[in-house]
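Student: Quick one, structure for this:
(4 chains)
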Amino acid sequence: MKLRVLYFARLRERLGCAEETLDCAGSTVADLVAQLQARGGMWAEELAADQAYRVAVNQDIVALDAALSENAEVAIFPPVTGG
Amino acid sequence: MKLRVLYFARLRERLGCAEETLDCAGSTVADLVAQLQARGGMWAEELAADQAYRVAVNQDIVALDAALSENAEVAIFPPVTGG
Amino acid sequence: MKIMVQSAAFELGAEVDAMRRGRSDIGAIASFVGLARDMNDGSDVAAMTLEHYPGMTEKALAALVEEAQSRWTLLDVTLIHRVGRLLPGDPIVLVAVAGSHRGEAFAACEFIMDYLKTRAPFWKKEETPEGERWVEARASDDAAAMRWGKND
Amino acid sequence: MKIMVQSAAFELGAEVDAMRRGRSDIGAIASFVGLARDMNDGSDVAAMTLEHYPGMTEKALAALVEEAQSRWTLLDVTLIHRVGRLLPGDPIVLVAVAGSHRGEAFAACEFIMDYLKTRAPFWKKEETPEGERWVEARASDDAAAMRWGKND
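Tutor: So this is what the prediction gives:
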């Protein structure tokens, strides 16, 4: 399915990508993360299982097993540090 | 011993007295209170054992068994309600 | 540190700005303003008068702030309490606490208010349609002060 | 209720005055201002830049305020968070909560700050003598948010 994927803060800088549109073969957030890790390099490193990052789908933070839907807005970012 | 005694708020109004200087025969706050109660009327009523009032000696809140000293400033008042 | 008992109004913004002016080590300022309400214990309140015990009041407020400073690492504290006649909507009390981090600023600010409610010699008299009445102390205020533990 | 994400500075006094203007049912306003410090994790900080996730930010802040309103009876809430480049001493975030009584105003104000620290999509990047660095999330912030109990 088609997804809009956004990256923020340290992840945006490390991955060299703020936003992309892609086709995801799977149906969950974990499937998307696996697909991105498969790109290798920084993608494999930054999205490794032991890295702390958060995923939001349509602007709500979700767990890795959350389902994706066509044209969803997915965001991947480090733990937040505002306030 | 000689004491300066102050009354505040509801107690000041009920007793009709804001401040007085008196001679106290005893040596503790309880002795002073007993002496005031002995005046009868409002004094006996307002300073009865089941009434909620506070006593400060030289501007520190103390218990009834606290000692008095010559020329101490004693204040008797209802529980505080500021803030 | 600033502690004031006054009949004049105060400005929260001005007080907090004065705390942080010229410094950049403060990370958190927790503040509280208590206001006179138009309603209390089921009666309309047209106005209230705050009586206090001059001399002891300043001493009691200083003791509250000292106690807070002994419990938490604070960078500055401002405490202002008004006396005299106040109308509904008027600010009565201001507490502002500056710290490096928010946890201690929040805790100290609430602690000072809780202790003030049971230890500082102020008394409120309300003007209601049924006449004037002295406000009674609340058990909930004693309970709020108790949760900080004994320290006498 | 007022929720803002903005690069402009805010005025605590003006925000709190706006909450209480024309009303006399508010008994307590608890507020918090978070400020940029000149020092963090042992390094001098010359400036910081706050990045956020436009769209989600507003949604997350509204959810925090709604959650607070479901837990306590509140009369008004103002929440302002700045983004962009800030210097030491600059205010970053403001939370002000109006209630009938102080207990709920204090609790809701601290709750909103604790949840904001772990749930609102803001990220800080600091300029230090060693170069730029992204601020790492603190375990203490997770712990502070956890004490309010699970609600997901």
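Student: quick check: longest helix of chain C.
Tutor: In chain C, taking DSSP state H as the definition, the longest helix is helix C:102-119.
Student: Actually, chain A.
Tutor: In chain A, assigned by DSSP H, the helix with the most residues is helix A:29-37.
Student: Quick one: neighbours of the residue in chain A positioned nearest to chain D, just the number.
Tutor: Distances between chain A and chain D by CB to the nearest CB are smallest at A:Gly82, namely 2.5 Å. C-beta coordinates here come from the backbone N, C-alpha and C atoms, glycine included. By the measure other CB atoms under 10 Å in any protein chain shown, the count of residues near A:Gly82 is 26.
Student: try C:Pro129
Tutor: 8.
Student: next one: C:Leu35
Tutor: When neighbours are counted by other CB under 10 Å, C:Leu35 comes out with 20.
Student: which stretches of the chain form helices?
Tutor: In the absence of a named chain, this looks at chain A. Under DSSP H, chain A gives helices at A:9-15, A:29-37, A:41-46.
Student: That was the other one, I meant chain C.
Tutor: Counting by DSSP H, the helices of chain C are C:12-20, C:56-71, C:102-119, C:139-146.
Student: what's the closest of those to chain D?
Tutor: That would be helix C:12-20 among the helices of chain C, by CB to the nearest CB, at 1.7 Å.
Student: tell me what the closest one is packed against?
Tutor: Identification of packing neighbours for helix C:12-20 by 3 or more CB pairs under 8 Å, 6 or more residues apart in numbering or on different chains; DSSP states H and E yields strand C:28-35, strand C:76-82, strand C:91-99, helix D:12-20, strand D:28-35.
Student: Would the first one count as contacting chain A?
Tutor: No: taking CB under 8 Å from any CB of the partner chain as the criterion, strand C:28-35 and chain A are apart, separated by no less than 9.7 Å.
Student: And that strand, what does it pack against?
Tutor: Using 3+ CB pairs under 8 Å, 6+ apart, strand C:28-35 sits against helix C:12-20, strand C:91-99, helix C:102-119, helix D:12-20, strand D:28-35, helix D:102-119.
Student: just how off-centre is it within its chain?
Tutor: 9 Å (CA atoms, centre = their mean, to the nearest Å).
Student: partners of that strand, with directions?
Tutor: Its sheet considered, strand C:28-35 pairs with strand C:91-99 (antiparallel), strand D:28-35 (antiparallel) by DSSP bridges.
Student: what's the nearest residue to C:Arg82 if we skip its chain neighbours?
Tutor: Distance criterion CB to CB, 6 or more residues apart in numbering or on different chains; nearest residue to C:Arg82, sequence neighbours excluded, is C:Ile92 at 5.5 Å.
Student: Report the separation between that neighbour and D:Gly99.
Tutor: As judged by CB to CB, to the nearest Å, C:Ile92 and D:Gly99 stand 15 Å apart.
Student: rewinding a little: reformat the helices and strands packed on helix C:12-20 as TSV; add mean pLDDT and distance to C:Ser43.
Tutor: Shown next, in TSV, are these (pLDDT from 0 to 100; distance: least, CB to CB, whole Å):
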stretch	mean pLDDT	distance to C:Ser43
strand C:28-35	98	17
strand C:76-82	98	22
strand C:91-99	98	18
helix D:12-20	98	21
strand D:28-35	98	19
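Student: Provide a list of residues in contact with C:Leu61.
Tutor: Contact analysis of C:Leu61 by CB atoms under 8 Å, 6 or more residues apart in numbering or on different chains lists C:Ile3, C:Val5, C:Leu79, C:His81, C:Leu116, C:Ala120.
Student: now C:Glu136: how far from chain B?
Tutor: Separation of C:Glu136 from chain B (CB to the nearest CB, to the nearest Å) stands at 7 Å.
Student: Tell me if I'm right that that residue and B:Val80 touch.
Tutor: No: using CB atoms under 8 Å, C:Glu136 is not in contact with B:Val80, being 11.1 Å away.
Student: ok, the two, which is more surrounded?
Tutor: Neighbours per residue (other CB under 10 Å) separate C:Glu136 from B:Val80, with B:Val80 holding more: 26 against 13.
Student: Just the pLDDT at the more buried one, thanks.
Tutor: Per-residue pLDDT puts B:Val80 at 97.
Student: With C:Gly149 instead?
Tutor: C:Gly149 is given a pLDDT of 87.
Student: circling back to that earlier point, deepest of the helices of chain C, which one?
Tutor: Mean neighbours per residue, mean count of other CB atoms under 10 Å in any protein chain shown, is largest over the helices of chain C for helix C:102-119, with a mean of 23.
Student: What helices and strands are in contact with that one?
Tutor: When contacts are defined as 3+ CB pairs under 8 Å, 6+ apart, helix C:102-119 sits against strand C:28-35, helix C:56-71, strand C:76-82, strand C:91-99, helix C:139-146, strand D:28-35, helix D:102-119.
Student: now the angle from the second one to strand C:91-99?
Tutor: Angle, helix C:56-71 to strand C:91-99, by axes from the mean of the first three to the mean of the last three CA atoms, to 10 degrees: 30 degrees.
Student: again, but for the third one
Tutor: Regarding strand C:76-82 and strand C:91-99, their directions subtend 170 degrees when assessed with the same axes, to 10 degrees.
Student: Name the residues that touch strand C:76-82?
Tutor: B:82-83, C:1-10, C:15-16, C:18-19, C:26, C:50, C:52, C:57, C:61, C:64-65, C:68-69, C:90-98, C:108, C:112, C:116, C:120, C:122.
Student: starting at the chain centroid, how far to that strand?
Tutor: 7 Å.
Student: quick one: buried residues of it?
Tutor: Neighbour counts over strand C:76-82 (16 or more other CB atoms under 10 Å in any protein chain shown) mark C:Asp76, C:Val77, C:Thr78, C:Leu79, C:Ile80, C:His81, C:Arg82 as buried.
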